[in-house]
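Colleague: here's my sequence, what's the structure:
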Amino acid sequence: MALVYKLLNGTYSLRKCPKPSFALCPHLGNHFADYCSSSLQKTVAVPDKASSQRKTEGDLQGHHQREAGLDIPFPEEKPEVSFEKAIKDEMKEHFRRLKDDIVNHWIGPEGRPLHEVLLEQARVVWQFRGKEDLDKWIVTSDKTIGGRSEVFLKMGKNNQSAVLYGTLSSDAPHDGESRRSGYCAMISRIPRGPFERKRSYDWSQFNTLYLRVRGDGRPWMVNIREDTNLTQRTNQMYSYFMFTRGGPYWQEVKIPFSKFFFSNQGRIRDAQYQLLLDRVTSSCTFTQNYIIFCETTPISSVGFTLADKVDGPFFLEIDFIGVFTDPAHTEEFAYENSPELNPRLFK
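Modeller: Predicted coordinates:
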C-alpha cells in the first residue's frame, strides 16, 4: 500500500509539472523523476505530447532563437521613448546647421571659395533626381476654395525629371460667393536654416531665370515671391508667361528678371516695381520726420500656375530650374512708370 501511495502521489505531482526534469520539479528525487518519466513514455498514447515532454533545455533555447528570428515582439523588448533625448538630438542638429552657416559665411556659400562663387555664370537652384527633391515643393489647386481641379506631382522616367499633371476645371464652387475658379499651382517651399529660420536667395549677380521643361502646349505663369510678414502683401508676386510648345522635345526657357511684372491677387497692377534680387533689401517710405513703411524683401520661392480656362488634362515636365548671366541682356526694367502711377519712385 505504501508503494501504491507513492506512485499515485508522484503521478499527481508530475501532472502539475509539464517537464519531467529535476530542475523543474525540485521536490522530486532524481531516481523517482527518471522512473516516472520512463513510465509516462510507456503509458501516454499521444506521441506528440510525449515528444514535447522530452525536450531538453537546448531545444527550448533553439525554439526561442527561432521565435526571435521571426521578429516577434516581447513585452520586455518594447523600445523606450525618451523625449529628453529627442530634444537633445534636435538641438544638436540645429547647432550643427548654425555652425555650418557661420563657417560658410567666411569661406563662401555652400562651403565653396568666395571668388569661385563670384565668377560663376550659371547656377542650378532646383533639380529633380529623387523624392527628396519633390519634398521641396507644394502643389495646390482650387480645391482649397471648393473647386474641382486636381493636381499631382511625381518623378519622371528614370528619376531624371518631375512631372506635374492633373485636370483643370473652371466650374465655380457652389458656395454663393466665388464666381470664378480653375487653377493649379506648384510652389517651392521656403528654405529653412537652424532653429527654423527662414532663408532666401541672392541672385544679384544673375539676370535671367533659366528652365528646361517639356509641356503640352499650355501657357504657364512663372511666379517669384518675396518673403514678407505683412498680411496685405501675402498675395503680391512678380510674374511672367512661359509658353510651352508641346511635343516630345525639351525646350529651354530663358526669362530675364527685368521682364517680370508686379501683380496682386492675380491682377497686374498699374504701378510697377522692379524685382530686387539681393538677399536682403529694404523698401522704405519716409515723411518729414517719420518712417511710414520699412520692410526687407528677399526672394523666398518660385512657382508655376496654370489658369488658362481650358478644361481638361494637363502636364508639365521639369528637368531643372536655375539662374544665369546673359551678357547680351542689358535691360534693367521693361515697364514704364509715371508720377501719377507710382509717386514713390519720383520723390
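Colleague: which residues in the stretch 101-250 of the chain form helices?
Modeller: 114-119, 131-134 (DSSP state H, counting those that start in this stretch).
Colleague: which of those helices comes out lowest on mean pLDDT?
Modeller: Note on the helices of the stretch 101-250 of the chain: helix 114-119 shows the lowest mean pLDDT, a mean of 60.
Colleague: okay, now the unreliable bits of this structure?
Modeller: 1-79, 103-119, 228-233, 279-297, 340-347 (pLDDT under 70).
Colleague: cutoff 90 now
Modeller: 1-122, 144-146, 157-158, 172-181, 190-202, 204-205, 226-236, 246-248, 264-300, 336-347 (pLDDT under 90).
Colleague: go through it and flag its longest strand.
Modeller: strand 312-324 (DSSP state E).
Colleague: that one pairs with which strands, parallel or anti?
Modeller: Taking DSSP bridges as the criterion, strand 312-324 forms sheet pairs with strand 122-127 (antiparallel), strand 162-168 (antiparallel), strand 208-215 (antiparallel).
Colleague: next, the buried residues of the second one.
Modeller: Along strand 162-168, these residues count as buried under the neighbour rule (16 or more other C-beta atoms under 10 Å): 162, 163, 164, 165, 166, 168. Bear in mind the C-beta positions are built from the backbone N, C-alpha and C, glycine included.
Colleague: what of the first one?
Modeller: Buried residues in strand 122-127, counting neighbours by 16+ other C-beta under 10 Å, are found at 123, 126, 127.
Colleague: quick one: contacts of the longest strand of the chain?
Modeller: 121-128, 156, 160-168, 184, 203, 206, 208-216, 218, 220, 244, 250, 254, 302, 304, 306 (C-beta atoms under 8 Å, 6 or more residues apart in numbering).
Colleague: can I get that strand as PDB, trimmed to CA atoms?
Modeller: The C-alpha trace of strand 312-324 is given here as PDB (Å, rounded to 0.1, in the frame of the first residue of the first chain):
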ATOM      1  CA  GLY A 312      -9.100  69.100 -69.300                       C
ATOM      2  CA  PRO A 313      -5.900  67.200 -68.500                       C
ATOM      3  CA  PHE A 314      -2.500  68.900 -68.500                       C
ATOM      4  CA  PHE A 315       1.100  68.000 -67.700                       C
ATOM      5  CA  LEU A 316       4.400  69.800 -67.300                       C
ATOM      6  CA  GLU A 317       7.700  68.000 -67.100                       C
ATOM      7  CA  ILE A 318      10.600  69.900 -65.500                       C
ATOM      8  CA  ASP A 319      14.300  68.900 -65.600                       C
ATOM      9  CA  PHE A 320      15.900  71.800 -63.700                       C
ATOM     10  CA  ILE A 321      15.400  75.400 -62.700                       C
ATOM     11  CA  GLY A 322      18.400  77.700 -62.500                       C
ATOM     12  CA  VAL A 323      19.700  81.200 -63.000                       C
ATOM     13  CA  PHE A 324      22.400  82.500 -65.200                       C
END
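Colleague: now it: buried residues?
Modeller: By 16+ other C-beta under 10 Å, the buried positions in strand 312-324 come out as 314, 316, 317, 318, 319, 320, 321, 322, 323, 324.
Colleague: could you dump the strands paired with strand 312-324 to a markdown table with distance to residue 331?
Modeller: Shown next, in a markdown table, are the strands paired with strand 312-324 (distance: least, C-beta to C-beta, whole Å):
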| stretch | distance to residue 331 |
| --- | --- |
| strand 122-127 | 19 |
| strand 162-168 | 30 |
| strand 208-215 | 11 |
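Colleague: can you give me phi and psi for residue 189?
Modeller: Main-chain dihedrals, residue 189, degrees, to the nearest 10: phi -70, psi 150.
Colleague: quickly note the distance from it to residue 132.
Modeller: 12 Å (C-beta to C-beta, to the nearest Å).
Colleague: ditto for residue 209
Modeller: 23 Å.
Colleague: please identify which of those two sits among more neighbours.
Modeller: residue 209 (23 against 8; other C-beta atoms under 10 Å).
Colleague: list the residues that contact the more buried one.
Modeller: By C-beta under 8 Å, 6+ apart, the contact list for residue 209 reads 222, 224, 254, 255, 256, 257, 302, 321, 322, 323.
Colleague: and which of the residues you listed is nearest to residue 310?
Modeller: Using C-beta to C-beta, residue 222 comes nearest to residue 310 of those, at 18.4 Å.
Colleague: what number of residues lie near that closest one?
Modeller: 20.
Colleague: now do the contacts for it.
Modeller: By C-beta under 8 Å, 6+ apart, the contact set of residue 222 is 209, 211, 239, 240, 241, 242, 255, 302, 303, 304.
Colleague: same thing but 6 Å
Modeller: 240, 242 (C-beta atoms under 6 Å, 6 or more residues apart in numbering).
Colleague: begin at 40, not 1, for the rest of this chat.
Modeller: I'll keep to 40 as the first residue from here, and by that count the last item is residue 261.
Colleague: run through the bridge partners of it.
Modeller: So, taking DSSP bridges as the rule, residue 261 has residue 279, residue 343 as bridge partners.
Colleague: in a markdown table: the contacts of residue 248, plus distance to residue 191.
Modeller: Shown next, in a markdown table, are these (distance: C-beta to C-beta, whole Å):
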| residue | distance to residue 191 |
| --- | --- |
| 261 | 20 |
| 263 | 24 |
| 293 | 28 |
| 294 | 25 |
| 295 | 31 |
| 296 | 30 |
| 341 | 19 |
| 360 | 19 |
| 361 | 24 |
| 362 | 27 |
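Colleague: kind regards, and thank you for your time.
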